[in-house]
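1. have a look; sequence and predicted model below, questions after that.
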Amino acid sequence: MKLYTEVSGEAQEQVVIRCRQRTEKIKLLESIIENLLSDNAELTLTDGETEYFVPKNEILFFETTGSKVAAHTADRMYYTEYRLFELEQIMAPAFQRISKSCIVNCNAICAIRKNLTGASEVMFKDCEKKVYLSRSYYHLLRDKLGEVRGLK
């Protein structure tokens with residue numbers, strides 16, 4: 001496999017993938033690139049037998065619940081077939097892992113209640129939902145918040 005980047009003066013950016021066959025890995029790569037380049041991309045999520053197309057900027061956080069990964073918006077919870085490590089790539093750059101079982105949307109965070117002896121609480125705008133931030137991820141989240149919000 002070769003990776004080649006060409007800087008061009010064209011107004012519209014292009015990503016071209018040349019392959020022998022459009023495999024599942026190629027489809028995943030297409031999805032990741034599409035989501036990274038699109039500001040209003042949607043993620044297909046499920047609730048029972050119904051598929052929903054949810055804008056990724058409406059998702060507050062992802063968390064593992066048993067063997068499933070749940071996606072939370074301000075008023076609902078859905079499920080996704082992606083694993084957390086895949087979501088870290090697909091949902092970048094505003095999303096950050098904050099524990100082994102949770103990834104948050106840094107643009108949706110309104111406060112962090114720091115707890116020096118245990119996990120800190122992460123709170124979201126216009127929502128009562130909370131998640132817990134592991135101590136080992138605290139500085140990574142603070143750095144990502146500064147980066148995403150232009151504070152660094």
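-> Arrived safely, thanks for sending.

2. name the nearest residue to the residue nearest the centre of the chain, sequence neighbours excluded.
-> Nearest to the mean C-alpha position of the chain, counting by Cα atoms, centre = their mean, stands residue 91 at 3.2 Å. Excluding the flanking residues, the one nearest residue 91 by Cβ to Cβ, 6 or more residues apart in numbering is residue 56, at 6.1 Å. Heads up, the C-betas are built off the backbone N, CA and C, glycines and all.

3. how much space between that neighbour and residue 108?
-> If you measure residue 56 against residue 108 using Cβ to Cβ, to the nearest Å, the figure is 11 Å.

4. for the nearest residue to residue 145 once chain neighbours are set aside, what are its contacts?
-> Among residues not flanking residue 145 along the chain, residue 106 sits closest, at 5.3 Å (Cβ to Cβ, 6+ apart). Counting by Cβ atoms under 8 Å, 6 or more residues apart in numbering, residue 106 touches 94-96, 141, 144-145, 148-149.

5. in helices, which of the residues you listed fall?
-> 141, 144-145, 148 (DSSP state H).

6. which of the residues you listed are buried?
-> 141, 144-145, 148 (16 or more other Cβ atoms under 10 Å).

7. in a markdown table, list those residues along with distance to residue 75 and pLDDT.
-> Shown next, in a markdown table, are those (distance: Cβ to Cβ, whole Å; pLDDT from 0 to 100):
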| residue | distance to residue 75 | pLDDT |
| --- | --- | --- |
| 141 | 24 | 95 |
| 144 | 25 | 91 |
| 145 | 24 | 92 |
| 148 | 23 | 82 |
